[in-house]
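Chemist: Attaching a predicted model along with its sequence, questions to come.
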Amino acid sequence: MTRPISKTVNVPVADGDGERYTLKMGPQHPATHGVLRVDLELDGETIIKCSPQVGYLHRGFDKIAENRTYAQSLILTDRLDYIAAMANNVGYCVAVEKLLGISVPLRAKYIRTIVCEMSRIASHLLWLATHALDIGAMTVFLYCFREREVMLDLFEELCGARLTFSYPRIGGVRQDVTRSFIDVLQQFVAEFPVHIGEYETLIDTNRIWLKRTVGIGVLSAAEALELGLTGACLRGSGVDYDIRKHRPYDAYDLVDFEVPLSNDGDIYARYRCRMEELHQSARIIQQCIDQLPPGPIISEDAPDLVMPLQGQRKVEAGSSTYGTGLIRLLEEHGQYPVGDIYVSTEVPKGELGFYFISDGSGRPYRMHVRSPSFIHIGALPALAEGSMIADLIANIGTLDVVLGECDR
Amino acid sequence: MQIQYKPKRNLLQTILHSEIMQGMAFTLKQLFAKPITRQYPQEKPEIKLGFRGQHALVRDQETGQSKCVACMRCVTVCPSRCIHIRFHEDEDKGSRVVDSYDIEALRCVYCGFCEEVCPVNALILTEIFEYAAYDRESIFFDQERLLANWDAFAAMKGVAINSYINPFWRPRGIPESVLTAAKRLDVPEEWTIEGQVVGNLVKQDQ
Amino acid sequence: MHVLILLIEILILFAIIMLHVAYATYFERKIIGHMQVRMGPMRVGWHGLLQPIADGIKSFFKEDIVPEQADVVTFRAAPIICLTAMLTSLAVLPFAKGWVLADINIGLLFIFAMSSLASYGVILAGWASNSKYTFLGGLRSMAQVISYEVAMGLSLVGVMMLSGTLNLTKIVEAQGGSFAGMYVFPQIIAFFVFFISMLAETNRVPFDLPEAETELVSGYCTEYSGMRYAIFFMAEYIGMMVMSSIGTICFLGGWNGPFEVAVFPPFWFVVKVYLFMFVFIWIRATLPRYRYDQLMSIGWKVLIPLALGNIVLTGFIKAFTG
């Protein structure tokens, strides 16, 4: 087994004496995945300098969270990476649980692992769809959406929403799974490898696809580490780092799966890694369905949604418009452990970390989100400089960025 | 695990464009497949039980009024602070009387926390999702409108409304002991902790 | 009197072609839709049959925006140049025996000239819009048309050698009425080169670089709106039809078919043209897009040598078999 075609880069090198001009690509450009703007300095079609400009979707999540209880902030994480909101929800809950020292029941861990992998499938399908569309293969787009729709329907059945799930709770999950959910999921997982094969028929060995991806956007392992890449972008460069494997949370240490790696570090390698991850996700879901244990779905010491649990201040009759109990909760210290904590989970895009400083009140004194998309966008100049405009589009696609998460 | 690549194509395959032909054959096959499009306004999507849609206050069949007891739990839990309740205390009975119950639906994020924490199942996010309007006033729900929303939902459900249980009133897989009396509804066995779905391997062990 | 008849014929041809263009867009949207497990247009009329007419009316009544910094005269003229050049090439196409407006002896050359002229419209549009995306689109189009024109011209030299004429009617007649007489068999290499160049000439996937929407937004017509945009669109589809007709005439035996359709002599011609159109659409639904420099290297390093080799081969065969 060798590489499909030789790894030569056919990019003409700019001679330097050409007339340069700038092109502000985005934020309304069709291929910049949301509201990314890339300032390009071009010589003909060759990119001399590339600087991504972010912040068009900034909503100040870290600051909003300072004025919400831990349970309330869960809804903010839906709006980070809205392609795979479930993985963010779980990541947030894992972090808060670690802060509060809550242990999650085994059944809830399995259910969370299932929904995390479902959202990985949903996210990777959307990535493949848009990546292929960027490179021009427009049909893969709709085949991927066909399968993503199944995932969204299942999420709707589980938690009543298709995009902003708010499904996990600190200490467990909100709703138990149903028989019909498991049955549909089981059938999907069984059929899914066939569908992956369909996408691969169209692009995997296609000579145009290979020409557009092999040897383009190459990052060595050292460069990828230096740029702080995580997820499939790092594994495509051959660094074996997957939080699911190395710092397992939920039920990932109880299931068997492989971490796909490639040493080539180009767009094709990252594409292959993500395609293999789809297979592995289906495998993890299958194992979780088989092993799903009975038991409670939420920990007994999980905090109630309406906090504090005891001694709620008496609400004054009359002109009440906003919960005074909440004000007490937000102000009063000594309800939670004091200190700071950083907990990261493996979301489809890479490593999603939550950093909390707790002053003992019911809300975080400071919350910081380490979002993979923000850091991945920083790698764009390293990938794109010296290549052509068409490669820039392919490179944005391969980084798999979501601007909701990048700008927060 | 190192990724395995497919073998490099040989000269014959290059000349015959075999991989492109495979792709073409696949798209041609799909030409005759059944489309998955749903013709939306004519064909409505099948809304699953527990969908978080338009807000409503449940109309109590006995009193004809809202079940709300003004405990303020929904107001407290609401992350977007879109629920506003005013009440006064009835001196004789010692209970609270709701003066106004307003939901700013344009502010709502549809997380469903309110219906989950309501101790008397007074609040619900219905399965109605088509209620866009041209002005803000018509998506500001006061108590009458919320009750009317429930009537509309009940009319949509028909007879089934009598046995309707929202999964957020009585969350699946939660033991009855932690729920308030009003939330201990009669639910399908699947929703209880005894009847929960378990994996094949676990079943064999038992 | 003769002029009047000719004018009426031109008008009829124009109307029919415009109708075909409108329904070619419908055809494309439906086929791509079904290949993508969608339905395509469904709303206007039965299964969306009136959609092209609705689109036409809509684009006609849309505001015609001219960018402030644009070169107004050129900006306005560009789509018209495109459309006129494309429509003019229709004059020499023989749809059936005797069904041709101008049966001139240099028909093939005339069509080449006209399709090159149409690319002026594209280049001028890109330049006059005074926008970087359109400018890049125009540049790409220029380079692409120049390189692929060469390959296409050379690929048809084989056909000219076999038939010994540039007159399109005579090329069809030289192939004879039989299936085996079609030039696609002796000229298989030329057909391959012609087909690829045809995709590139008409800016179709996988060579749709001048209007690659994920790179250049909409390429040379980014700044156009309303009717002017629609004119570019029509020109592109007429271009597709003209190229398909050339393919039909030079390689697939023109209007000849397994049996005569006396009621409508161009029947087989239309069928073959639509076969080409279907393949155009089918390819669009399947393949990704080449990069600009890759497109150039295919044109110059693969197609032109192949076409030249084919000329030599055809020459040898013709010399030895007489």
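Modeler: Received it, and whenever you're ready, just let me know what you need.
Chemist: got the contact list for whichever residue of the stretch 51-200 of chain C sits closest to chain B?
Modeler: Nearest to chain B, among the residues of the stretch 51-200 of chain C, is residue C:192, at 9.6 Å (CB to the nearest CB). Backbone N, C-alpha and C define where each C-beta goes, glycine included. Residue C:192 is in contact with residue C:306, counting by CB atoms under 8 Å, 6 or more residues apart in numbering or on different chains.
Chemist: for the one 10 residues further on, same thing?
Modeler: By CB under 8 Å, 6+ apart, the contact set of residue C:202 is C:236, C:239-240, C:243, C:280.
Chemist: same thing but at 7 Å, please
Modeler: By CB atoms under 7 Å, 6 or more residues apart in numbering or on different chains, the residues touching residue C:202 are C:236, C:239-240, C:243.
Chemist: Quick one, grab the pLDDT at residue C:322.
Modeler: Looking at residue C:322, its pLDDT stands at 64.
Chemist: For residue C:80, give its distance to residue C:87.
Modeler: The gap separating residue C:80 from residue C:87 is 10 Å, by CB to CB, to the nearest Å.
Chemist: is any part of stretch C:310-322 close to chain B?
Modeler: No - using CB under 7 Å from any CB of the partner chain, stretch C:310-322 stays clear of chain B, with a minimum separation of 14.6 Å.
Chemist: And residue 194, which helix or strand is it part of?
Modeler: No chain specified, so I'll use chain A. With secondary structure defined by DSSP states H and E, residue A:194 is part of helix A:179-203.
Chemist: wrong one, I was asking about chain C
Modeler: Assigned by DSSP H and E, residue C:194 falls in helix C:188-201.
Chemist: Counting neighbours, which bits of that helix end up buried?
Modeler: C:189-201 (16 or more other CB atoms under 10 Å in any protein chain shown).
Chemist: Around chain C, pick out the residues from chain A.
Modeler: Contacts of chain A with chain C, taken as CB under 7 Å from any CB, map to A:10, A:12, A:21, A:23, A:29-31, A:45, A:132-137, A:139, A:142, A:146, A:202-203, A:206, A:208-209, A:211-212, A:388-391, A:393.
Chemist: Out of the residues you listed, which end up buried?
Modeler: A:23, A:29, A:31, A:45, A:132-137, A:139, A:142, A:146, A:202-203, A:206, A:208-209, A:211-212, A:388-391, A:393.
Chemist: Now narrow those to whatever sits close to chain B.
Modeler: Within those, those near chain B by CB under 7 Å from any CB are A:139, A:146, A:202, A:206.
Chemist: Just send the residues you listed back as JSON lines, with secondary structure and pLDDT too.
Modeler: Putting these into JSON lines (DSSP: H, G, I helix; E, B strand; the rest coil; pLDDT from 0 to 100) gives the following:
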{"residue": "A:139", "secondary structure": "helix", "pLDDT": "87"}
{"residue": "A:146", "secondary structure": "helix", "pLDDT": "89"}
{"residue": "A:202", "secondary structure": "helix", "pLDDT": "85"}
{"residue": "A:206", "secondary structure": "coil", "pLDDT": "86"}
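Chemist: Out of the residues you listed, which comes closest to chain B?
Modeler: Checking these one by one against chain B (CB to the nearest CB), the nearest turns out to be residue A:202, at 4.7 Å.
Chemist: Any idea how many residues pack against the residue lying closest to that closest one once chain neighbours are set aside?
Modeler: Computed as CB to CB, 6 or more residues apart in numbering or on different chains, the closest residue to residue A:202 that is not its neighbour in sequence is residue B:23, at 4.7 Å. Per other CB atoms under 10 Å in any protein chain shown, the neighbour tally for residue B:23 reads 28.
Chemist: Over to the one 10 residues further on?
Modeler: Counted with other CB under 10 Å, the burial measure for residue B:33 works out to 11 neighbours.
Chemist: Please look at it and residue C:39 and confirm they touch.
Modeler: No - Residue B:33 lies out of contact with residue C:39 (CB atoms under 7 Å); the separation is 11.7 Å.
Chemist: mind checking which helix or strand the closest residue to chain A within the stretch 201-322 of chain C is in?
Modeler: Chain A sits closest to residue C:289 of the stretch 201-322 of chain C, with a gap of 2.9 Å, by CB to the nearest CB. Here residue C:289 sits in a region with no helix or strand, counting by DSSP H and E.
Chemist: dump the residue contacts of the closest residue to it other than its chain neighbours.
Modeler: What sits nearest to residue C:289 in space, not counting adjacent residues and going by CB to CB, 6+ apart, is residue A:136, at 2.9 Å. Residues in contact with residue A:136 (CB under 7 Å, 6+ apart) are C:205-206, C:288-289.
Chemist: same thing with residue C:222?
Modeler: C:129, C:131, C:133-134.
Chemist: Let's have those in a markdown table, adding secondary structure and neighbour count.
Modeler: A markdown table is the format used below for the contacts of residue C:222 (DSSP: H, G, I helix; E, B strand; the rest coil; neighbours: other CB atoms under 10 Å in any protein chain shown):
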| residue | secondary structure | neighbour count |
| --- | --- | --- |
| C:129 | coil | 26 |
| C:131 | coil | 19 |
| C:133 | helix | 23 |
| C:134 | helix | 29 |
